[in-house]
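A.B. asks: dropping the sequence and predicted coords here.
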Amino acid sequence: MTDTSALTVGDVVAEREYHFTRDSLVRYAGASGDFNSIHYRDDVAAAVGLPGVLAHGMLTMGVAVQPVVDWAGDPARVTDYQVRFTRPVVVDPADGATITVVAKVGAIEEGRARIDLTVSFDGSTVLGKAQAKVRTA
Amino acid sequence: MAVNPELVGRQFPPIPPYLVGREKIREFSRAVFATSPLNLDPDAAREAGYADVVAPPTFPIVIQEHTLAQLLAEPGAGIDLTLTVHGDQRFSYTRPIVAGDELTASLTVTSVKSLGGNSMVTAETVITDLAGEHVVTSTSTLVVRSAE
């Protein structure tokens, strides 16, 4: 774990890329219990006017915090985590979808750091106000 | 059909106890691309001072799903899952979830708003241990589009 005294607001603590395939969505559906069919059926997605099968927002949220967990060295150090889902991640049946995560120090207080995440897909951010509070002491 | 505004303030009864399994945590961890040994390896977790593997930060959604199912099953709630997208989500922890925990959860609808043709429903699921001690609060806002 990084000593907070060595942290500065704006520091990039992690930067990662993740590739989602339709398999990722099915795996996440089973693991989470979210079987909304817009996450695996093209016909249902089309019928309700979506541009395609979408990744579960919660998959994107769950994956986006992993670089923070790795940086912190312990998943339990993340004591608060919030996001706003601003754009969908459309997962192509053949090519999948790649998201990038940049984790920056947003604020530092005693024993805690707020890490702000920028999560992008296809050139646009897909999460807003994505913030994880991390216990550093 | 719009979401029924009378749902605001409605608290659903606690779900039956949910026993957090080691393999469920490992399965969920793999599904969110987690690589921390504390999520996956009981020995590593014990060495770090935990009773068993530690759940990833977003794991409470698994338990929250059971409370959301109560809300979706509510007659006249007006929430069509295929027209529903997730607006925002927050997890606020008092302590981590580890395998072996027995937890319960109760959902309260805290807000229903109409915005254009959409309804926004905010539901707060408070997850506690069986002694009633707070573990984590999982708050979701769902955006329900109105069917044409």
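C.D. replies: Alright, I've got the coordinates.
A.B. asks: chain A versus B:E23, what's the distance?
C.D. replies: 11 Å (C-beta to the nearest C-beta, to the nearest Å). (Each C-beta comes from the backbone N, C-alpha and C, glycine too.)
A.B. asks: just confirm that residue is within a helix.
C.D. replies: Yes: counting by DSSP: H, G, I helix; E, B strand; the rest coil, B:E23 falls inside a helix.
A.B. asks: got a pLDDT number for it?
C.D. replies: Here, the pLDDT recorded for B:E23 equals 98.
A.B. asks: same question for B:E148.
C.D. replies: pLDDT, B:E148: 54.
A.B. asks: got it, and B:L72?
C.D. replies: For B:L72, the predicted pLDDT is 88.
A.B. asks: how many residues are close by it?
C.D. replies: 14 (other C-beta atoms under 10 Å in any protein chain shown).
A.B. asks: over to the one 10 residues further on?
C.D. replies: Using other C-beta under 10 Å, B:T82 has 15 other residues around it.
A.B. asks: would you say it is within a helix?
C.D. replies: Yes: checked against three-state DSSP, B:T82 lies within a helix.
A.B. asks: next up, the contacts around it.
C.D. replies: A:N36, A:S37, A:I38, A:V44, A:A47, A:V48 (C-beta atoms under 8 Å, 6 or more residues apart in numbering or on different chains).
A.B. asks: now do the helices in the chain.
C.D. replies: All of this is about chain A. A:22-32, A:42-47, A:57-64, A:66-72 (DSSP state H).
A.B. asks: nope, chain B please
C.D. replies: B:22-31, B:37-40, B:42-47, B:60-72.
A.B. asks: about what we covered before: could I get the helices of chain A in CSV, plus columns for mean neighbour count and distance to B:D80?
C.D. replies: As requested, these are exported to CSV (neighbours: other C-beta atoms under 10 Å in any protein chain shown; distance: least, C-beta to C-beta, whole Å):
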stretch, mean neighbour count, distance to B:D80
helix A:22-32, 19, 18
helix A:42-47, 14, 12
helix A:57-64, 26, 17
helix A:66-72, 22, 32
